[in-house]
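>>> pasting a predicted model and its sequence here:
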Amino acid sequence: MPRGHIVTGLDVGTSTIKALVAQKKGTEWEVLAQATIPSFGLRRGAVVNVEETAKNIQLLLSGIEKDNNIRINSVFVNIGGSHLYCTPSDGIISVSRADQRISEEDRERVLQAARAINIPSNEEILDVFASEFIIDDQKGIKEPVGLTGIRLEAKVILLCYFQSYFTNLTQAVLNAKLQINDIIPSPLAAAEAVLTPQQKELGVALIDIGSDTTSLAVFEEGDLIHLAIFPLGSANITKDIAIGLRTEFATAENIKKQHGSCMYPTIDKNAKKKVEVFDKSSSLSFTEKNLVDIIGPRVSEILDLMQKELKKIGRQELLPGGIVLTGGGAKIPYIRELAKEQLRLPCEIGVIKGIMGLEQDPMLATVAGLVIGGAGGEGTTGQGISGFFSFFKKLFLKIKKMFRVFIP
């Protein structure tokens, strides 16, 4: 990457929109600007109001430009929401060459064969992630090109999406007078920022607890083997507090951030001491135990969903790399201990790697990963480069044609 090149990541989330502007210096990134704005126009991670989302994106980035005297023309943006899902598939072909040597063309053909499945007409396949190739019943092959055989099989997972939400996201960003360098799934961006190659090789699960959704991305032998997004997140915890304490949502959010916990280890001899919070003209009284009784069950429910999903793919309690928690929900006190106890695996809070001067805040994992992984997709060298992003760049070149009128 040429010296002085600036990269911008744009994390369009349900509760907030975040932007991170960074510049590569050596093997790390230097943050030039970082800002967050409340988000309107999304539901469960998907854009439902294009105009409102575009207005907020434009407001956020124009503020960054004014405050930091920089110009932002293009962004790497995330796609999230529970409409994003994966499904297993497989393909099989006969090797085309007379000498039975497998070519790159054969590899592409078998992956294309794996895409030939029936999905609803309003959904499309984003990408194919090959977990294993099989040559003449010889399993466990990661790269078949150059090997010889008669029959080539591929075991893959297909990443699919709801077409309307993808179109809404694309149009919202373009309507904000921005070009899109690439569109990257939120869980893969977060994984790029906080997971190490060693963890991905051993077997690790990333759990990203956002506002309205929780994402699970599972890696093994360096490859993505499963991805799922659930319509449940930290906003549900806030709603529970609002109902339980009979207060407004904004007040409940502040209570969660200042006093909340999901386990009893925080309870001490003063646990029954009343905490008083003023809510406009009235006041609320509660104990720390009251909050744990509200927050703990909801966090446990989210973790139970993760456990069931891991069991579904045969990885329950079988990931040596453990669990990495990220997203705003990962900031709840004692969530690491509860996750370790409930999932019966090593657990840690994700720490953003490779970005200088960036606060180690799990809420920033996705936007940091957009910068690191997205720039890697541009063919740069350095930390964080992943093959996950190459397809999305090719895909967006096609999408651009659909919205050429909006591109500045």
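In hand now; what should we look at? Numbering: from 1, shown residues only.
>>> residues of stretch 317-333 that come out buried?
Within stretch 317-333, the residues that count as buried by 16 or more other CB atoms under 10 Å are 319, 321-333. Where C-beta positions appear, they are placed from N, C-alpha and C, glycine not excepted.
>>> got the residues you listed as a markdown table, with distance to Gln307 columns?
Shown next, in a markdown table, are the buried residues of stretch 317-333 (distance: CB to CB, whole Å):
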| residue | distance to Gln307 |
| --- | --- |
| Leu319 | 12 |
| Gly321 | 16 |
| Gly322 | 14 |
| Ile323 | 10 |
| Val324 | 15 |
| Leu325 | 14 |
| Thr326 | 18 |
| Gly327 | 18 |
| Gly328 | 21 |
| Gly329 | 16 |
| Ala330 | 17 |
| Lys331 | 21 |
| Ile332 | 18 |
| Pro333 | 21 |
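>>> now intersect those with the strands, please.
Ile323, Val324, Leu325, Thr326 (DSSP state E).
>>> of the residues you listed, just say which sits nearest to Leu174.
Thr326 (28.4 Å; CB to CB).
>>> would you map the helices across the stretch 51-200 of the chain?
104-114, 163-175, 186-194, 197-202 (DSSP state H, counting those that start in this stretch).
>>> can you tell me which of these is packed in deepest?
Among these, helix 186-194 has the highest mean neighbour count (mean count of other CB atoms under 10 Å), at a mean of 29.
>>> distance from that one to the middle of the chain?
Here helix 186-194 is found 5 Å from its chain centre; the criterion is CA atoms, centre = their mean, to the nearest Å.
>>> and it, what does it pack onto?
strand 6-12, strand 74-79, strand 204-209, strand 214-220, strand 223-230, strand 323-326, helix 365-377 (3 or more CB pairs under 8 Å, 6 or more residues apart in numbering; DSSP states H and E).
>>> could I get the ones you listed as a markdown table with distance to Ala191 and mean pLDDT?
Output for the helices and strands packed on helix 186-194, formatted as a markdown table (distance: least, CB to CB, whole Å; pLDDT from 0 to 100):
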| stretch | distance to Ala191 | mean pLDDT |
| --- | --- | --- |
| strand 6-12 | 14 | 94 |
| strand 74-79 | 12 | 94 |
| strand 204-209 | 5 | 98 |
| strand 214-220 | 5 | 96 |
| strand 223-230 | 8 | 94 |
| strand 323-326 | 8 | 98 |
| helix 365-377 | 7 | 86 |
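>>> reformat the ones you listed as TSV; add distance to Lys177.
Output for the helices and strands packed on helix 186-194, formatted as TSV (distance: least, CB to CB, whole Å):
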stretch	distance to Lys177
strand 6-12	13
strand 74-79	11
strand 204-209	29
strand 214-220	29
strand 223-230	29
strand 323-326	31
helix 365-377	19
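>>> among these, which is nearest Lys257?
strand 204-209 (14.1 Å).
>>> pull out the buried residues from stretch 52-61.
Within stretch 52-61, the residues scored as buried using 16+ other CB under 10 Å are Thr53, Ala54, Lys55, Asn56, Ile57, Gln58, Leu60, Leu61.
>>> so which residue of this protein lies furthest out from the middle?
Here the chain reaches farthest from its C-alpha mean at Ala98, the gap being 43.8 Å by CA atoms, centre = their mean.
>>> need phi/psi at that residue.
Phi and psi for Ala98, reported as degrees, to the nearest 10, are phi -70, psi -30.
>>> let me know the pLDDT of it.
Confidence at Ala98, expressed as pLDDT, is 92.
>>> returning to what we had before: closest one to Ile352 among the helices of the stretch 51-200 of the chain?
helix 186-194 (4.9 Å).
>>> relative to Phe286, how far out is the residue most central in space within the chain?
In the chain, the residue lying closest to the centroid (CA atoms, centre = their mean) is Pro187, at 2.1 Å. To Phe286, Pro187 is 35 Å away according to CB to CB, to the nearest Å.
>>> same thing with Cys86?
Taken as CB to CB, the span from Cys86 to Phe286 is 41 Å.
>>> of the two, who's got more company?
Set side by side, Cys86 and Phe286 show more neighbours around Cys86, with 22 against 19, by other CB atoms under 10 Å.
>>> specify the beta-bridge partners of that one.
Leu159 (DSSP bridges).
>>> okay, Ser285: pLDDT?
At Ser285, pLDDT is 85.
>>> and it, its phi and psi?
The phi/psi pair for Ser285 (degrees, to the nearest 10) reads phi -120, psi 130.
>>> got a list of what it touches?
Under the criterion of CB atoms under 8 Å, 6 or more residues apart in numbering, the neighbours of Ser285 are Lys274, Val275, Glu276.
>>> ok so Thr238 is a helix residue?
Yes: checked against DSSP: H, G, I helix; E, B strand; the rest coil, Thr238 lies within a helix.
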